[in-house]
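S.K.: the following block contains a protein sequence and its predicted model.
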Amino acid sequence: MTKPELTSYDEVPYPSFPLVYTHPDRLATLATLFGMSPAPVECCRVLELGCSSGVNLLSMAVTLPESEFVGIDSAGRPIARGKAMVEALGLKNLSLRHVDLLEMAPDYGKFDYILAHGVYSWVPPEVRDQLLAICKASLKPQGVAYVSYNAFPGSYSRVMVREMMLFHNRDFRDPQRQTQQGMTLLRLLANSVVEPQTYTKVLQHELERMATRTKDAIFHDELSEVFQPVYFYQFMGHAHRHDLQFLAESDFFEMQTTGLTPQAIAALDKISDDFILREQYLDLMRGRAFRKTLLCHNDVPLDGSRKSVSVRPLYVSSVARPASAAPTYSPDAEETFRSGSGAELVTGNPLARALLWYLTESQPKRILFETLVSEVERRAREGLGFVSSPDQDIASELADFVLATYSAGLLDLHAHVPPFTTEVSERPVASPLARLEARDGDVISTLHHRSLHLSDSLQRGLVMLMDGSRDHDALRKDLLELFKSGVLTLQEGDKPAADMKTVEERIAAESEDVMRGLARLAVLMK
């Protein structure tokens, strides 16, 4: 097998980070909800196609030592960087391979989960076909494949902006110049008229979206050689030709009708038996521009009824925040909870209030549903005066509520609990991957498979040092040495602190709070 030639991803590295919606925990949870019997997250095989430097797999491999991971990418330099990290971490359960998808030999065995994020819409038709062929051939009978892609109709505005950028960049060859000039043009166009009309507002929306992204990501996404969005029905037609069927969206709440008008919901209800048609019309109503679709084999029977009993073997965590700083203990009060995505729940139900406050106080813990039932009932009874009726099935009521709030994006469900701790031990241990990443920058991977931007040098230094060999006094001492040596600098206003006495006082005053904060962010391991 020949090695692929150098690619644009060798020249300009694509940002690589953990993607929570690709984690086997997310895929196994959704497979469970739809009646499948997915492989246990703790002991599974995962293949990622287009893995870049493999940080997404690295984050999984650190917390799932009994699982096996394989990453494939046609760009050799990112794979080399990933291999160096694998070696530095001493991981034996992750293999990264420099291979062109079109030449991928069928000798890797079968996988429980196959991931392809940011590939399908950015490769030629023959590679898209090979990607789905690999999913079909390499997926175990109860396996789940994740494929993301740009979707119409929402991507029409992205195609428009891309084409204008490519026109403006027709004489530029340098990637950095292309990105810079493309964004300069978009800023000009988005602010080119005194009274913005529909067209200008679309450009302003695209400018706001792209302004949050790195230049390297824009170069590889919007300015890539291939940029081919598809309608959902077209993608599923392609999947069906490979004997793959639609399971769900990785972001489950995007399948719901929250926020739609009664007329729109009624129209969707008329076609509820046809999942593909319903999802396509949902895209048309919402103008969806990006999909994260889960597929499985065509012969797998799926239960689309999504019965609430399916949540009982799972763990529950909250992604919502209460509007008030503390619980309201009045039995008749209503309380408000909001998610980062804008979902909101106002409820006076004592069981619901007790559940949401318990999960809020327990964050970032994942609570087994059966444990949740007994604890919530106790809290509702003792704190809110709740009295159950003789024939009341509290477990069923809470299962219904959990599934409904999960669908609305206010709760999360899990099939697995990662090995993090919310307690700061005498000799705390940060994730080995986070320690490695902190040496090179201020963005690390958490044990919840998310990226975390470290807000200051105290956080970064403590992550670097928390390897289990130091008690708190030793951590403070060695942290001060990092500042004295110049490895780290502490900002005082808009400039670095020059007085080490000030740095020492800050370390003494803040280090314990910083460590507790890192524990709450799922950085520390058991």
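M.R.: Right, received. Where do you want to start? Numbering: from 1, shown residues only.
S.K.: most distant residue from the middle of the protein?
M.R.: The outermost residue of the chain, judged against the average C-alpha position, is Pro390 (42.5 Å), by Cα atoms, centre = their mean.
S.K.: assign that one to helix, strand or coil.
M.R.: When classified by DSSP: H, G, I helix; E, B strand; the rest coil, Pro390 comes out as coil.
S.K.: can you list the buried residues in the longest helix belonging to the chain?
M.R.: As assigned by DSSP state H, the longest helix anywhere in the chain is helix 500-520. Residues Val503, Glu504, Arg506, Ile507, Ser511, Val514, Met515, Leu518, Ala519 are the ones in helix 500-520 that count as buried (16 or more other Cβ atoms under 10 Å). Where you see a C-beta, it was placed from the backbone N, CA and C, and this is true even at glycine.
S.K.: would you list these in JSON lines and tack on pLDDT and distance to Ala323?
M.R.: Converted to JSON lines, the buried residues of helix 500-520 look like this (pLDDT from 0 to 100; distance: Cβ to Cβ, whole Å):
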{"residue": "Val503", "pLDDT": "90", "distance to Ala323": "38"}
{"residue": "Glu504", "pLDDT": "92", "distance to Ala323": "40"}
{"residue": "Arg506", "pLDDT": "91", "distance to Ala323": "33"}
{"residue": "Ile507", "pLDDT": "94", "distance to Ala323": "35"}
{"residue": "Ser511", "pLDDT": "96", "distance to Ala323": "32"}
{"residue": "Val514", "pLDDT": "97", "distance to Ala323": "27"}
{"residue": "Met515", "pLDDT": "97", "distance to Ala323": "29"}
{"residue": "Leu518", "pLDDT": "96", "distance to Ala323": "26"}
{"residue": "Ala519", "pLDDT": "95", "distance to Ala323": "25"}
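S.K.: any chance of those residues in TSV, plus distance to Ile114?
M.R.: Putting those into TSV (distance: Cβ to Cβ, whole Å) gives the following:
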residue	distance to Ile114
Val503	48
Glu504	51
Arg506	47
Ile507	46
Ser511	43
Val514	39
Met515	38
Leu518	33
Ala519	33
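S.K.: and which of these is nearest to Arg158?
M.R.: Closest approach to Arg158 among the buried residues of helix 500-520 (Cβ to Cβ): Leu518, at 36.8 Å.
S.K.: can you verify my assumption that the closest one contacts Leu524?
M.R.: Yes. With contacts defined as Cβ atoms under 8 Å, Leu518 counts as touching Leu524 at a distance of 6.1 Å.
S.K.: what residues are shared contacts of the two?
M.R.: Here Leu518 and Leu524 have Ala430 as joint contacts, going by Cβ atoms under 8 Å, 6 or more residues apart in numbering.
S.K.: low pLDDT regions in this structure?
M.R.: In the predicted model of the chain, residues 1-5, 105-107, 493 satisfy pLDDT under 70.
S.K.: domains in it, by residue range?
M.R.: Taking automatic domain parsing as the domain assignment, the record places the domains of the chain at 8-153+229-297, 156-220, 308-414, 432-520.
S.K.: how long is the first one end to end?
M.R.: It stands for domain 8-153+229-297. 34 Å (Cα to Cα, to the nearest Å).
S.K.: in the stretch 251-400 of the chain, which spans are helices?
M.R.: According to DSSP state H, counting those that start in this stretch, the stretch 251-400 of the chain carries its helices in the segments 262-269, 275-286, 350-362, 369-384, 394-407.
S.K.: now for the longest helix of the chain, which elements pack on it?
M.R.: Using 3 or more Cβ pairs under 8 Å, 6 or more residues apart in numbering; DSSP states H and E as the contact criterion, the secondary-structure elements in contact with helix 500-520 are helix 457-465, helix 472-485.
S.K.: just name the most buried of the ones you listed.
M.R.: helix 457-465 (a mean of 23; mean count of other Cβ atoms under 10 Å).
S.K.: can you give the distance of it from its chain's centre?
M.R.: Distance of helix 457-465 from its chain centroid, counting by Cα atoms, centre = their mean, to the nearest Å, is 24 Å.
S.K.: what's in contact with that helix?
M.R.: The set of residues external to helix 457-465 that reach it, using Cβ under 8 Å, 6+ apart, is 430, 434-435, 438-439, 442, 444, 454, 475, 478-479, 482-483, 487-491, 506-507, 510-511, 514-515, 517-518, 523.
S.K.: what angle do that helix and helix 500-520 make?
M.R.: Counting by axes from the mean of the first three to the mean of the last three Cα atoms, to 10 degrees, helix 457-465 lies at 70 degrees to helix 500-520.
S.K.: run the angle between helix 457-465 and helix 472-485 for me.
M.R.: With the same axes, to 10 degrees as the basis, helix 457-465 and helix 472-485 are set at 110 degrees to each other.
S.K.: export helix 457-465 to PDB, keeping only CA atoms.
M.R.: Coordinates of each C-alpha in helix 457-465 appear next as PDB, following Å, rounded to 0.1, in the frame of the first residue of the first chain:
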ATOM      1  CA  SER A 457      -1.500  30.400  34.500                       C
ATOM      2  CA  LEU A 458      -2.400  29.200  38.000                       C
ATOM      3  CA  GLN A 459      -4.800  26.700  36.500                       C
ATOM      4  CA  ARG A 460      -2.300  25.700  33.800                       C
ATOM      5  CA  GLY A 461       0.600  25.300  36.200                       C
ATOM      6  CA  LEU A 462      -1.400  23.100  38.600                       C
ATOM      7  CA  VAL A 463      -2.700  20.900  35.800                       C
ATOM      8  CA  MET A 464       0.900  20.400  34.600                       C
ATOM      9  CA  LEU A 465       2.100  19.400  38.100                       C
END
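S.K.: no further questions, thank you.
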